[in-house]
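Undergrad: Kindly generate the corresponding structure for this input.
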Amino acid sequence: MSPFAPRRSASVAALGEARLIAAIGRWLGGTVPPSPAGIGDDCAVLPVARGRRLITVDPVVYGRHFDAKVPPAAVGAKLLKRNLSDIAAMGGKPEAAVVSLLLDRKVSRAWLEAFHRGLAACARQYRVRIVGGDVAEAPGVLAATLTLVGSAGKRVLTRRGARAGDAIYVTGALGGSLDSGHHHAFAPRLAEGAWLAGRDEVRAMMDVSDGLLKDLGALIPSRARAELAIDALPLRFGASKEAALSEGEDYELLFALGGRADAGAFERAWRRRFPQTLLSRIGRFEAAGRGSAGTLSWGPYFGYDLIRTRDLHGYEHLR
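TA: All right, here's what the predicted structure looks like:
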């Protein structure tokens, strides 16, 4: 469905800002609490939180994160789920969100209604309140940015904390996200992230959104390198190894398990708790000599033959 209307009467220009915001409130329905806790004032008023807060922000941009082939309701859900994946990567619980829209005046009202209804359905599923936002005109642009606030559990897992000797794990499958539709149809790993944060043997974690090769670099400990088993990569149906390494938008969890942990017992506990979620051990962190720290190594590991992938990299904005 094209997000742009062929006639002015079917576009947001026929509504104007005030009527559009009122319509958005109707489209979002019960996910919006009454003002001042929700839409309708200069700020949303949230209760004081106990413990640590988590906050993250991600956009969806037409032509970059979606196109006319993606249903507008799925675009709205993707906007929230991209942020939910960040909360999951730190073992947290989502709470409230604000949404900012940048719209060409030709954007279709029907498209925007379906977008918000998809966002609302996702928000209800994950118990997120939409508490406010903003609308601005931007010629030639269709983009939405969502800022999500969450609460941390007893333990916050960050990208730092891995050590040489730790095993590298990833949930789910990798590669082919765009061709398969996974980039908008994925389920954020909130339950899995909270469970992993409760396991002392898990040292560091992040989500895979820009490609495994790029994202793994953020987990590599100082004076260490990452050694991956290329044949151990869990491939999404039809995806190549190169795609699994570099394409991104997988929204899976990547984490380090302590080298002294009982990996077998950990994996059995995982299967009992999440029998439908694949878990794969794909490598480990090794102590590195001078000049090789922070790098990826492609040598024999777990009995697999590895390939060098110097020409592959994940997604990087502005590159």
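Undergrad: where in the protein is pLDDT low?
TA: 289-319 (pLDDT under 70).
Undergrad: got the residue ranges for the strands in it?
TA: 53-61, 93-103, 129-137, 142-151, 167-171, 202-208, 224-228, 252-257, 279-287, 296-297 (DSSP state E).
Undergrad: which one of those is the most hemmed in?
TA: Across the strands of the chain, averaging neighbours per residue (mean count of other Cβ atoms under 10 Å) puts strand 252-257 on top, at a mean of 26. Glycine gets a C-beta too; all of them are placed from N, C-alpha and C.
Undergrad: That strand - contacts with which helices or strands?
TA: strand 167-171, helix 190-197, strand 202-208, helix 212-216 (3 or more Cβ pairs under 8 Å, 6 or more residues apart in numbering; DSSP states H and E).
Undergrad: one step back: pipe the strands of the chain into a markdown table and attach distance to Cys43 per row.
TA: Listed next are the strands of the chain as a markdown table, based on distance: least, Cβ to Cβ, whole Å:
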| stretch | distance to Cys43 |
| --- | --- |
| strand 53-61 | 15 |
| strand 93-103 | 9 |
| strand 129-137 | 7 |
| strand 142-151 | 13 |
| strand 167-171 | 36 |
| strand 202-208 | 29 |
| strand 224-228 | 43 |
| strand 252-257 | 33 |
| strand 279-287 | 42 |
| strand 296-297 | 45 |
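Undergrad: Lys78 is nearest to which of the ones you listed?
TA: When the strands of the chain are compared by Cβ to Cβ, strand 53-61 sits nearest Lys78, at 5.9 Å.
Undergrad: now the residue nearest to Val141 when sequence neighbours are not counted: how far from Pro47?
TA: Leaving aside its chain neighbours, Val141 sits nearest to Leu102 (4.9 Å; criterion: Cβ to Cβ, 6 or more residues apart in numbering). Taking Cβ to Cβ, to the nearest Å as the measure, Leu102 falls 30 Å from Pro47.
Undergrad: and the residue nearest to Val141, what does it touch?
TA: Contact analysis of Leu102 by Cβ atoms under 8 Å, 6 or more residues apart in numbering lists Ala136, Glu137, Ala138, Val141, Leu142, Ala143, Ala144, Thr145.
Undergrad: ok, now Leu257?
TA: Asp166, Ala167, Ile168, Tyr169, Glu201, Val202, Arg203, Ala263, Phe266, Arg281.
Undergrad: Using the record's domain definitions, break the chain down for me.
TA: The chain resolves into domains spanning 8-40+49-151, 167-297 when parsed by automatic domain parsing.
Undergrad: can you redo those as CSV with distance to Thr158?
TA: Converted to CSV, the domains of the chain look like this (distance: least, Cβ to Cβ, whole Å):
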stretch, distance to Thr158
domain 8-40+49-151, 7
domain 167-297, 6
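Undergrad: and Asp41, how many residues sit next to it?
TA: By the criterion of other Cβ atoms under 10 Å, Asp41 has 12 neighbours.
Undergrad: What is the burial count for the closest residue to it other than its chain neighbours?
TA: Leaving aside its chain neighbours, Asp41 sits nearest to Ser35 (5.0 Å; criterion: Cβ to Cβ, 6+ apart). Ser35 has 14 neighbours, counted by other Cβ under 10 Å.
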